[in-house]
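Asker: Sequence plus predicted model, see below.
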Amino acid sequence: MKMVVIGGSGLIGSKLVDILGAQGHEAVPASPKTGVNTLTGDGVAQALAGADVVVDVSNSPSFEDAAVREFFETSTRTLLAAAAQAGIGHYVALSIVGSDRIPDSGYMRAKAAQEKLVAAAGIPYSLVHATQFFEFLQGVVDAATDGDTVHLAPVLIQPMAADDVAEAVAEVVVGSPTNGVVEVAGPEQFRMDELGRSVLAARHDPRSVVTDPAARYFGARLGERSLVPADGARLAGTRLDDWRARTAGGR
């Protein structure tokens, strides 16, 4: 099958192209680097011509509320129109666990808007909700830093390796459309404040973590289970310590 991976030059997209290619599929990376721009529409119709599946794992270059909303809505409308024209049989989009549970996050509102567009388009689809990536945990800590202290709420978080995210998306891509949501997550749950201490200790970082129930997550309030999946989620196999052992990013 021909599968077009929107965002195919990024962290998840590049891994996904490799996985699908190794399975014998024609996996085509599509991004501004390859002449495909979903905001302007340049190259989109040509990229999707003759494709069986389109997979959107792209991300906004800006996380500012208005800009991220504009990116996901414009990009998704462009892709859906081109997918309908091309007769795409399966539209897959990668989103986030908790996209419907953190309404004061502009990014999450934008992802929820993207999902609504996909679900309403009339094209067979699957939405993959993944938890936070191990690769982004340092960013979570940095965003919560004030001077030499890191303020993190003691809520649950269940992160996973980017490799496992790509594998999970690939499994959905080659399957039948679910016309719904598939949740994927790491095999372990942590308290975010405890995980923050672990991240700092692994890097010998002298900052200290303050357990703060009122701490925001990239500006958003969190509930106890805002960031973890519901029962029945597909669990990946890579544990945090295993990921740290095999990647320079975990040291």
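Answerer: Great, that's in hand.
Asker: can you give me the strands in the stretch 101-250 of the chain?
Answerer: For the stretch 101-250 of the chain, the strands defined by DSSP state E, counting those that start in this stretch occupy 125-130, 145-146, 149-152, 156-157, 181-185, 190-191, 208-211, 234-235.
Asker: Now tabulate the ones you listed in JSON lines and tack on mean pLDDT.
Answerer: Converted to JSON lines, these look like this (pLDDT from 0 to 100):
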{"stretch": "strand 125-130", "mean pLDDT": "98"}
{"stretch": "strand 145-146", "mean pLDDT": "96"}
{"stretch": "strand 149-152", "mean pLDDT": "98"}
{"stretch": "strand 156-157", "mean pLDDT": "98"}
{"stretch": "strand 181-185", "mean pLDDT": "98"}
{"stretch": "strand 190-191", "mean pLDDT": "98"}
{"stretch": "strand 208-211", "mean pLDDT": "98"}
{"stretch": "strand 234-235", "mean pLDDT": "98"}
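Asker: closest to V169 out of those strands?
Answerer: Proximity to V169 (CB to CB) singles out strand 125-130 among the strands of the stretch 101-250 of the chain, at 5.4 Å. C-beta here means a position set from N, CA and C on the backbone, and glycine is covered the same way.
Asker: I figured S99 hits K116, correct?
Answerer: No - in this structure S99 lies outside contact range of K116 using CB atoms under 8 Å: 10.4 Å.
Asker: Give me the more crowded residue out of the two.
Answerer: S99 (21 against 13; other CB atoms under 10 Å).
Asker: any idea which element L94 lies in?
Answerer: strand 90-96 (DSSP states H and E).
Asker: Would you mind pulling the contact partners of that strand?
Answerer: Contacts to strand 90-96, defined as CB atoms under 8 Å, 6 or more residues apart in numbering, come from residues 12, 52-57, 76, 79-80, 83, 108, 111, 114-115, 118, 121, 123-132, 165, 169, 172-173, 176-177.
Asker: Now, of those residues, which are buried?
Answerer: 12, 52-57, 76, 79-80, 83, 108, 111, 114-115, 118, 121, 123, 125-132, 165, 169, 172-173 (16 or more other CB atoms under 10 Å).
Asker: on that earlier part again, indicate each strand paired with the strand holding L94 and its parallel or antiparallel sense.
Answerer: strand 53-56 (parallel), strand 125-130 (parallel) (DSSP bridges).
Asker: Can I get it in PDB? Just the C-alpha atoms.
Answerer: The C-alpha coordinates for strand 90-96 follow below in PDB (Å, rounded to 0.1, in the frame of the first residue of the first chain):
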ATOM      1  CA  HIS A  90      -8.000   5.400   5.900                       C
ATOM      2  CA  TYR A  91      -7.100   8.700   7.600                       C
ATOM      3  CA  VAL A  92      -4.900   8.400  10.700                       C
ATOM      4  CA  ALA A  93      -4.100  11.300  13.000                       C
ATOM      5  CA  LEU A  94      -1.800  11.200  16.000                       C
ATOM      6  CA  SER A  95      -3.100  13.100  19.100                       C
ATOM      7  CA  ILE A  96      -2.600  13.200  22.800                       C
END
